[in-house]
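[1] Predicted model and sequence below, questions to follow.
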Amino acid sequence: MPSSHSLVSFFAAVSWMSTVGTHAGNVGRALLLGSAMTVAALRVACGYHTFAQITVGAIIGSVLGKGWSVLGSALHVSNPNATFVFAWTAYLFGSALFISKKMKSWITHEKAL
């Protein structure tokens with residue numbers, strides 16, 4: 001099972017590197033990539049994942065992050081308003097889904113105490 005922490009951190013780092021491009025400079029890109037690598041390395045150091053699992057997570061996250069940036073750029077060029085609405089809808093839907101799942105487990109856990 002790939003590391004979801006590694007996947008998400010590399011997704012975010014690669015997406016931001018793709019979005020800001022040369023404006024971030026080499027230091028900015030190094031900080032983004034270094035942060036993602038730190039998250040992944042800590043998963044191994046804490047014993048939650050193996051090197052192979054964080055590597056797979058990093059590869060999948062990087063590919064998806066680059067793809068998301070390319071798709072977002074293409075959509076933004078063709079219709080900036082639709083891109084704005086789509087991005088916020090996806091964010092809010094994902095947040096609501098996460099919260100609803102977590103709230104159910106939190107409430108169940110609280111009742112058990």
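    Structure's in. What do you need?
[2] so what secondary structure elements neighbour the helix or strand bottoming out on mean pLDDT in the chain?
    Every helix and strand in the chain was compared by mean pLDDT, DSSP states H and E; the lowest is helix 80-112, with a mean of 81. When contacts are defined as 3 or more Cβ pairs under 8 Å, 6 or more residues apart in numbering; DSSP states H and E, helix 80-112 sits against helix 51-78. No exception for glycine: its C-beta is placed from N, CA and C like everyone else's.
[3] Which other helices and strands does the helix it packs on contact?
    So helix 51-78, by 3+ Cβ pairs under 8 Å, 6+ apart, packs with helix 4-20, helix 25-45, helix 80-112.
[4] just those helices: most buried one?
    Comparing the helices and strands packed on helix 51-78 by mean neighbour count (mean count of other Cβ atoms under 10 Å), helix 4-20 comes out on top with a mean of 20.
[5] List of residues touching that helix?
    Contacts to helix 4-20, defined as Cβ atoms under 8 Å, 6 or more residues apart in numbering, come from residues 24, 28-29, 32-33, 35-36, 39-40, 43, 49, 53-55, 57-62, 64-66, 68-70, 72.
[6] One more pass at 6 Å, please.
    29, 32-33, 36, 39-40, 43, 54, 57-58, 60-62, 64-66, 68-69 (Cβ atoms under 6 Å, 6 or more residues apart in numbering).
[7] by how many degrees do it and helix 51-78 diverge?
    Orientation check (axes from the mean of the first three to the mean of the last three Cα atoms, to 10 degrees): helix 4-20 against helix 51-78 gives 30 degrees.
[8] got the angle for the least confident helix or strand of the chain vs helix 51-78?
    140 degrees.
[9] neighbours of Thr22, just the number please.
    8 (other Cβ atoms under 10 Å).
[10] For it, give me the pLDDT.
    Here, the pLDDT recorded for Thr22 equals 70.
[11] likewise Gly47?
    93.
[12] I'd like the distance from stretch 71-88 to the chain centre, please.
    19 Å (Cα atoms, centre = their mean, to the nearest Å).
[13] Could you do stretch 66-81 as well?
    Centre-to-centre, stretch 66-81 and its host chain are 17 Å apart (Cα atoms, centre = their mean).
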